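>>> fold the following, please.
(one chain, ligands or ions: 1)
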Amino acid sequence: MERTYLIKPHLRRDYPFVSYGRGVYLYDVAGKRYLDGCSGAVTANIGHGVEEIIHVMNEQAKKVAFVYRSQFTSEPAEKLADKLSQLAPGGEYGTFLVNSGSEATETAMKIAIQYWQEKGKMGKNKILSRWLSYHGITIGALSMSGHPTRRARFVPLLEDFPSICAPYCYRCPYHSTYPSCQLQCARELEQAIERIGAEHIAAFIAEPIIGAAGAAITPPDGYYEKIRDICNKYDILLIVDEVMTGLGRTGKMFAIEHWNVQPDLITLGKGLGAGYTPIAATLASKQVLEPIFEGSGVIMSGHTLSANPLSAATALAVLSYVETHRLPEKAAETGRYLFTQLTSFKKRFPWIGDIRGKGLLIGIEFAVPNAKGMLPSPLSFTELVVTKAQHLGLLVYPAAAGNGRDGAAIIIAPPLTITKEEVDELITLLKQTFLQLERELP
Ligand code: PLP
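Modelled structure (predicted):
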């Protein structure tokens with residue numbers, strides 16, 4: 001293994017050097033082709049090397065790439081915020097631009113706390129979240145996240161934010177089944193609020209479909225409606241983290257549109273820049289912004305590179321591409337096809353426990369323990385699947401599941417532009433991966 005000065009996530013691992021990307025494929029410098037079955041980290045939603053985007057980036061870079069947000073606004077940033085408000089589910093939202101999903105959720109947390117301060121409720125400063133969630137790697141975002149492996153080293157630094165169970169039907173925390181459970185997982189929110197006291201809670205945050213911490217855990221119908229009712233009843237803001245699910249990924253522009261719910265704050269990231277630029281956003285409803293506008297008039301957050309015209313123009317071009325190519329509808333349709341194909345795997349591979357998700361965000365959870373006793377440990381099994389797939393030329397995303405430590409899972413989330421033939425190729429490569437795994441393991 002060659003040592004270089006670039007610090008990569010796994011210091012003792014060899015990484016292939018990427019050369020270029022086109023559509024759903026990435027090519028390394030040795031000429032090997034990889035089918036991007038997970039859009040990187042569920043990010044490259046429109047595929048790689050899209051000419052329209054590259055053209056817009058070029059043109060904007062020639063005009064102006066960066067201005068400091070406290071000195072100038074720009075046409076791309078203004079237009080992007082207008083567009084997001086137009087697309088957002090039911091109502092007017094203001095957009096605060098940042099550079100990563102972690103910054104977006106941390107900003108949502110800060111805006112929620114500030115909102116209550118501006119209304120004179122200084123004690124409302126806790127954020128309730130779910131155990132099994134991922135909202136980002138910075139300390140504030142990680143404090144709201146129930147991802148045991150990502151939290152483990154930093155627990156002493158994290159805020160002691162309360163959490164409730166996830167709507168995880170495959171391994172129901174209450175050992176019940178839907179609908180006779182009467183959505184106990186949602187009712188737990190009310191119990192937590194009663195226990196902690198609504199006067200201490202600013203907001204509840206949830207990913208519409210749980211990504212990295214749950215491999216596309218999708219709640220049963222009625223869950224979010226109940227959550228929204230409880231938030232209303234106790235005067236608690238609802239933050240919906242759409243960093244992974246937003247902008248077409250699940251078959252709707254916003255995943256929360258699968259349910260009849262309007263959030264107070266929404267976060268976006270990944271698919272907003274689709275990997276062409278680092279950009280993310282926190283959307284706040286008019287009702288949330290009003291007391292801040294009338295009060296201090298200042299949003300106490302921001303980063304030097306936020307709202308730079310180059311990233312804003314790029315994201316605007318990405319959104320236009322998503323709309324013109326009707327990618328949410330396409331994701332719904334292709335997702336159905338992919339889901340059906342994957343479901344047929346369950347018969348052949350009994351160690352596949354659950355397949356779930358919506359649109360082109362599909363999670364596969366492996367049953368632990370399994371009949372053959374072939375899973376060495378959940379984390380290393382996930383690693384085995386991911387590494388084996390990559391060796392065969394397929395990229396899949398590792399995810400946690402179970403109680404966060406004891407479940408092995410992956411996410412399949414190719415670019416929304418994937419064709420049916422490319423889905424067939426993905427299926428073939430995944431099947432080869434599973435067959436090889438079966439042969440090689442004891
Ligand atoms: N929120 C969700 C739902 C995510 O999936 C992620 C990243 O995986 C984040 C927030 C953090 O985003 P970033 O890695 O861009 O900081």
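>>> would you map the helices across the stretch 301-442 of the chain?
Listed in chain order, the helices of the stretch 301-442 of the chain (DSSP state H, counting those that start in this stretch) span residues 309-324, 327-348, 378-392, 420-440.
>>> right, and these - which one's nearest the ligand?
When those are compared for distance to the ligand using C-beta to the nearest ligand atom, the nearest one is helix 309-324, at 13.0 Å. (Each C-beta comes from the backbone N, C-alpha and C, glycine too.)
>>> that closest one vs helix 327-348, what angle?
Put simply, helix 309-324 runs at 70 degrees to helix 327-348, going by axes from the mean of the first three to the mean of the last three C-alpha atoms, to 10 degrees.
>>> off-centre distance for helix 309-324?
For helix 309-324, the separation from the chain centroid amounts to 19 Å (computed by C-alpha atoms, centre = their mean, to the nearest Å).
>>> tell me which other helices or strands that helix touches.
Using 3 or more C-beta pairs under 8 Å, 6 or more residues apart in numbering; DSSP states H and E as the contact criterion, the secondary-structure elements in contact with helix 309-324 are helix 51-63, helix 75-87.
>>> got the contact list for the first one?
It refers to helix 51-63. Among residues not part of helix 51-63, those counted as contacts by C-beta atoms under 8 Å, 6 or more residues apart in numbering are 46, 76, 274, 276-277, 309-310, 313-314, 316-318, 321.
>>> in it, what's buried?
For helix 51-63, the neighbour count (16 or more other C-beta atoms under 10 Å) marks I53, V56, M57, Q60 as buried.
>>> which residue is the nearest non-sequential neighbour of T177?
Excluding the flanking residues, the one nearest T177 by C-beta to C-beta, 6 or more residues apart in numbering is C169, at 7.5 Å.
>>> please, which helix or strand holds the residue nearest in space to the middle of the chain?
Relative to the mean C-alpha position of the chain, the nearest C-alpha, by C-alpha atoms, centre = their mean, is the one of M244, at 2.1 Å. M244 is located outside every helix and strand, with elements delineated by DSSP states H and E.
>>> so for A198, what's the pLDDT?
You'll see A198 listed with a pLDDT of 98.
>>> contacting residues for it?
Contacts were defined as C-beta under 8 Å, 6+ apart; by that measure A198 touches K124, Y234, D235, I236.
>>> can I get those residues in CSV including distance to the ligand?
Rendered in CSV, the data for the contacts of A198 read as follows (distance: C-beta to the nearest ligand atom, whole Å):
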residue, distance to the ligand
K124, 23
Y234, 24
D235, 25
I236, 20
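>>> out of the residues you listed, who has the most neighbours?
Neighbour counts for these were taken using other C-beta atoms under 10 Å; the highest belongs to I236, which has 24 neighbours.
>>> ok, now which ones touch the nearest residue to it once chain neighbours are set aside?
Across the structure, with C-beta to C-beta, 6+ apart as the measure, the residue nearest I236 apart from its sequence neighbours is I201 (5.3 Å). Neighbour list for I201: K124, K126, I127, L128, I193, Y234, I236 [criterion: C-beta under 8 Å, 6+ apart].
>>> for Y27, state which of those is nearest.
Each of the contacts of I201 was checked against Y27 using C-beta to C-beta; the closest is I127, at 42.2 Å.
>>> tell me the residues of the stretch 101-250 of the chain that contact the ligand?
By C-beta under 6 Å from any ligand atom, the part of the stretch 101-250 of the chain that sits against the ligand consists of 101-102, 105, 134-137, 207, 211-212, 241, 243-244.
>>> what are the phi and psi values at the residue in the chain that the ligand sits nearest to?
Distance from the ligand to each residue of the chain (C-beta to the nearest ligand atom) is smallest for G101, at 2.2 Å. In terms of degrees, to the nearest 10, the main-chain angles of G101 are phi -60, psi -40.
>>> the nearest residue to it once chain neighbours are set aside - how many residues pack around it?
Counting by C-beta to C-beta, 6+ apart, G269 is the residue found nearest to G101 once chain neighbours are left out, at 3.2 Å. Counted with other C-beta under 10 Å, residues neighbouring G269 total 29.
>>> could you do the one 5 residues further on as well?
Residue crowding around A274 was assessed by other C-beta under 10 Å; the count is 28.
>>> I'd assumed N45 was in contact with it.
Yes. The pair formed by A274 and N45 meets the contact definition of C-beta atoms under 8 Å, at 4.7 Å.
>>> got any residues that touch both of those two?
Common contacts of A274 and N45, defined by C-beta under 8 Å, 6+ apart, comprise V318.
>>> related to what we said a few turns ago, quick check: which of the helices and strands packed on helix 309-324 is nearest to R33?
Each of the helices and strands packed on helix 309-324 has some distance to R33 by C-beta to C-beta; the shortest is helix 51-63, at 20.0 Å.
>>> quick one: mean pLDDT over the closest one.
Over the span of helix 51-63, the pLDDT mean works out to 98.
>>> again with stretch 106-119
Mean pLDDT, stretch 106-119: 98.
>>> and among the helices of the stretch 301-442 of the chain, the most buried is which?
Across these, averaging neighbours per residue (mean count of other C-beta atoms under 10 Å) puts helix 309-324 on top, at a mean of 23.
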